[in-house]
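Asks: Structure of the sequence below:
(one chain, ligands or ions: 1)
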Amino acid sequence: MFRATLNRFLSKWKLYRHRFVPWMVLNLSKNEKTLRKVSGRSQDKLVPDEEVCSCLLRLFWLLHKGNDSQTPSALASRTHEEFGTSALCTREAMLRSLGFCIERKPSTLPFAGTGVFVSKGVVPKGATVAMYPGTVYQAYEPILLQSISNPFVFRCIDGVLVDGNDKGISKMVFRSCSGRDRLGPLLTSDTSWLTTNPLNPLAVGQYVNNCSNDKSANVCYQEYDVPSTFPLELRQYLPNVNYSLDTFQRPLRCVILVSLREIAAGEELFSNYYTIIH
Ligand SMILES: C[S@@+](CC[C@H](N)C(=O)[O-])C[C@H]1O[C@@H](n2cnc3c(N)ncnc32)[C@H](O)[C@@H]1O
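Replies: Numbers count the residues shown, from 1 in each chain. The predicted structure is shown next:
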């Protein structure tokens with residue numbers, strides 16, 4: 001009995017420790033060696049930034065066309081129920097612009113909670129399948145409090161952290177930073193990923209589970225720094241925000257999930273939590 005509980009705790013810890021900031025800091029160099037061994041190509045982008053950008057723009061323009069009758073502040077003040085009725089439209093926009101839909105459902109893995117599945121269409125190899133939403137912290141910024149018991153903190157290769165937790169203090173921080181950065185009535189980030197029906201249907205990447213021996217990775221993480229040329233009116237669909245105002249000048253870091261092979265409808269997405277991205 002005690003042994004079974006201990007084993008359960010140890011296997012949970014093995015998955016969580018890669019998201020626990022003090023552990024990450026203490027194991028940085030060791031991790032990077034392991035990660036390089038696991039991923040083999042820790043430095044390379046699978047898909048060029050231009051391709052990622054054009055895919056996001058295709059989806060965002062379509063979402064925008066559906067929403068342009070409403071002001072950004074009206075969109076921001078929508079209730080969960082109103083988002084619920086528009087979930088169909090956002091999925092329709094995703095299917096039309098990308099050729100597939102994804103959604104959150106109970107994972108096929110026992111005790112793994114929620115996972116992300118392809119629900120319609122086929123994901124081709126090298127497609128932008130999801131985005132990792134959350135507050136972006138530079139390596140020197142304070143995140144210890146937010147990271148406690150938080151399995152959603154993602155570390156990029158340069159030490160930048162993305163907190164994709166949609167609950168508690170993480171949720172409050174995201175909302176507050178997003179409100180701070182709005183330009184008059186114009187929003188520069190999307191807070192609806194904190195609800196059950198994100199306006200940007202890609203913004204569920206934080207729920208992708210880790211691969212295992214019998215469920216190999218079909219997606220991997222890749223950094224995408226939003227260029228200054230990214231249309232201002234479409235920034236309201238980006239599910240990331242900088243923690244500090246002094247980082248407002250640098251390109252916003254987004255993390256996307258790229259398909260490693262063709263993925264059919266019904267399949268669950270799995271990443272490798274060890275994979276370092278660039
Ligand atoms: C970033 S969250 C992923 C979303 C999570 N499934 C949920 O419902 O909140 C990471 C956590 O999911 C669970 N998890 C992820 N991959 C798993 C796996 N292969 N087996 C068991 N649990 C897993 C672990 O609890 C881990 O700490």
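Asks: use CA for all of it now, contacts and neighbours both
Replies: Noted.
Asks: residues in the stretch 151-278 of the chain within reach of the ligand, list them.
Replies: By C-alpha under 6 Å from any ligand atom, the part of the stretch 151-278 of the chain that sits against the ligand consists of 151-152, 206-212.
Asks: which SS class is Cys101?
Replies: Three-state assignment for Cys101 (DSSP: H, G, I helix; E, B strand; the rest coil): strand.
Asks: let me redo that: Cys220
Replies: Counting by three-state DSSP, the backbone at Cys220 sits in strand.
Asks: sorry, back to before: among the residues of the stretch 151-278 of the chain next to the ligand, show me the least confident.
Replies: Ranked by pLDDT, these bottom out at Ser212, which scores 92.
Asks: I'd like the distance between that residue and Leu95.
Replies: Separation of Ser212 from Leu95 (C-alpha to C-alpha, to the nearest Å): 29 Å.
Asks: Over to Cys53?
Replies: 17 Å.
Asks: hmm, back to that, neighbour-wise, which of Ser212 and Leu95 wins?
Replies: Shown here are Ser212 and Leu95; by other C-alpha atoms under 10 Å, Leu95 has more neighbours (17 against 12).
Asks: any idea of the mean pLDDT for the helix or strand encompassing the more buried one?
Replies: Per DSSP states H and E, Leu95 falls inside helix 80-98. If you average the pLDDT over helix 80-98, you get 73.
Asks: quick one on the thing from earlier: counting neighbours, which of the residues of the stretch 151-278 of the chain next to the ligand end up buried?
Replies: Buried members of these, scored by 16 or more other C-alpha atoms under 10 Å, are 151-152, 206-211.
Asks: Show me where this structure has its helices.
Replies: Secondary structure of the chain (DSSP state H): helices at 2-16, 21-26, 28-39, 49-67, 72-76, 80-98, 144-147, 168-181.
Asks: The shortest one close to the ligand?
Replies: No. Counting by C-alpha under 6 Å from any ligand atom, the ligand has no neighbours in helix 144-147; the shortest distance is 12.1 Å.
Asks: helices or strands next to that helix in the packing?
Replies: Using 3 or more C-alpha pairs under 8 Å, 6 or more residues apart in numbering; DSSP states H and E, the elements in contact with helix 144-147 are helix 21-26.
Asks: The closest residue to Arg91 other than its chain neighbours: neighbour count?
Replies: Excluding the flanking residues, the one nearest Arg91 by C-alpha to C-alpha, 6 or more residues apart in numbering is Cys101, at 6.2 Å. If you count neighbours by other C-alpha under 10 Å, Cys101 ends up with 25.
Asks: what sits opposite Cys101 in the beta ladder?
Replies: When assigned by DSSP bridges, Cys101 has beta-bridge partners Lys120.
Asks: I figured it hits Ala93, correct?
Replies: No. At 9.1 Å, Cys101 does not count as touching Ala93 under the criterion of C-alpha atoms under 8 Å.
Asks: quick one: the residue lying closest to Leu238 once chain neighbours are set aside and Asp214, what's the gap?
Replies: Residue nearest to Leu238 in three dimensions, not counting chain neighbours: Ser189, with 5.0 Å by C-alpha to C-alpha, 6+ apart. Distance of Ser189 to Asp214, given as C-alpha to C-alpha: 37 Å.
Asks: Counting neighbours, what do you get for Ala203?
Replies: The tally of other residues near Ala203 (other C-alpha under 10 Å) stands at 28.
Asks: OK, contacts around it?
Replies: 130-133, 193, 239 (C-alpha atoms under 8 Å, 6 or more residues apart in numbering).
Asks: out of those residues, which are inside strands?
Replies: 130-132 (DSSP state E).
Asks: Dump these to CSV, plus pLDDT and neighbour count.
Replies: Putting these into CSV (pLDDT from 0 to 100; neighbours: other C-alpha atoms under 10 Å) gives the following:
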residue, pLDDT, neighbour count
Ala130, 98, 26
Met131, 98, 26
Tyr132, 98, 27
